[in-house]
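Chemist: Kindly generate the corresponding structure for this input.
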Amino acid sequence: MSTRILLADDHKITRQGLRSLLEKQKDMEVVAEADNGRSAVRLAAELAPDIVIMDVTMPDLNGIEATKQILAKSPDIKIIALSMHSDALFVTEMLKSGAAGYLLKDCAFEELTRAIRTVADDKTYLSPAISGVVIEDYLHRLATTEFTGPDILTDREKEVVQLMAEGNSTKQIALKLHISVKTVETHRRQIMSKLDIHNVAELTKYAIRKGITSLED
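Modeler: Numbers count the residues shown, from 1 in each chain. Model prediction:
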């Protein structure tokens with residue numbers, strides 16, 4: 001029986017390359033592609049794939065928040081992060097969100113298939129290239145009680161922060177999140193108050209620093 005896979009990456013050429021390689025594996029099937037986190041959440045709910053290969057930094061909804069939303073609705077789906085980022089922030093936040101694996105995009109294809117088979121067997125797979133990052137971060141957390149992650153914000157507030165940082169208007173954010181303009185404005189006030197930030201430029205810097213969004217494309 002084939003492992004059913006959903007590919008989530010905002011770069012079309014990456015998705016096409018992965019699909020081409022994965023479909024040559026007799027035990028794997030790519031059932032759909034998503035070009036942002038929100039689309040990944042919707043397709044995961046509709047298609048119930050066995051595994052989602054998730055880019056960490058995507059527009060509209062990042063891979064960390066998309067992973068949380070997918071697993072909240074479908075805890076049996078396995079998420080493998082495939083990212084260009086080896087920073088402790090991205091790795092640990094993805095694992096905290098429930099990802100079962102984390103690989104870097106410069107890994108060999110053979111490592112990706114090994115990770116898929118490992119995760120499909122209900123095990124965790126961490127690329128050797130980033131396992132040291134996880135250990136160092138864990139030891140750092142043991143050594144200090146202070147960890148300034150983005151958890152001061154709720155998951156919904158982080159969604160709003162990402163969309164604001166990416167240049168969406170209040171009305172556009174309301175449409176994308178299926179909430180009222182007034183609710184968006186309330187979230188905006190609460191975010192600014194919690195972070196003691198009072199303009200979008202500073203909020204964008206915060207979002208990039210905390211891994212909520214990436215404007216490097």
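
Chemist: just checking, V41 touches Q69?
Modeler: Yes - under the criterion of C-beta atoms under 8 Å, V41 makes contact with Q69 at 4.7 Å. (Each C-beta comes from the backbone N, C-alpha and C, glycine too.)

Chemist: Tell me which of these two has more neighbours.
Modeler: Neighbour totals were compared for V41 and Q69, and V41 leads with 23 against 20 (other C-beta atoms under 10 Å).

Chemist: Quick check: the gap between the more buried one and I116.
Modeler: 20 Å (C-beta to C-beta, to the nearest Å).

Chemist: Residues that sit against both of V41 and Q69, list them.
Modeler: L61 (C-beta atoms under 8 Å, 6 or more residues apart in numbering).

Chemist: So what's the predicted local confidence for D137?
Modeler: The per-residue pLDDT reported for D137 equals 63.

Chemist: V184: neighbouring residues, count only.
Modeler: Neighbour tally, V184, other C-beta under 10 Å: 23.

Chemist: Look up how far R42 lies from it.
Modeler: V184 is 20 Å from R42, by C-beta to C-beta.

Chemist: tell me how far stretch 162-178 is from the chain's mean position?
Modeler: 18 Å (C-alpha atoms, centre = their mean, to the nearest Å).

Chemist: For that stretch, buried residues please.
Modeler: With burial defined by 16 or more other C-beta atoms under 10 Å, the residues of stretch 162-178 counted as buried are Q162, L163, M164, A165, E166, N168, T170, I173, A174, K176, L177.

Chemist: gap between the third one and T186?
Modeler: Meaning M164. Per C-beta to C-beta, M164 is found 13 Å from T186.

Chemist: One more: the fourth one?
Modeler: Spatial separation of A165 from T186 under the definition C-beta to C-beta is 18 Å.

Chemist: And for the last one?
Modeler: Here L177 is placed at a distance of 12 Å from T186 (C-beta to C-beta).
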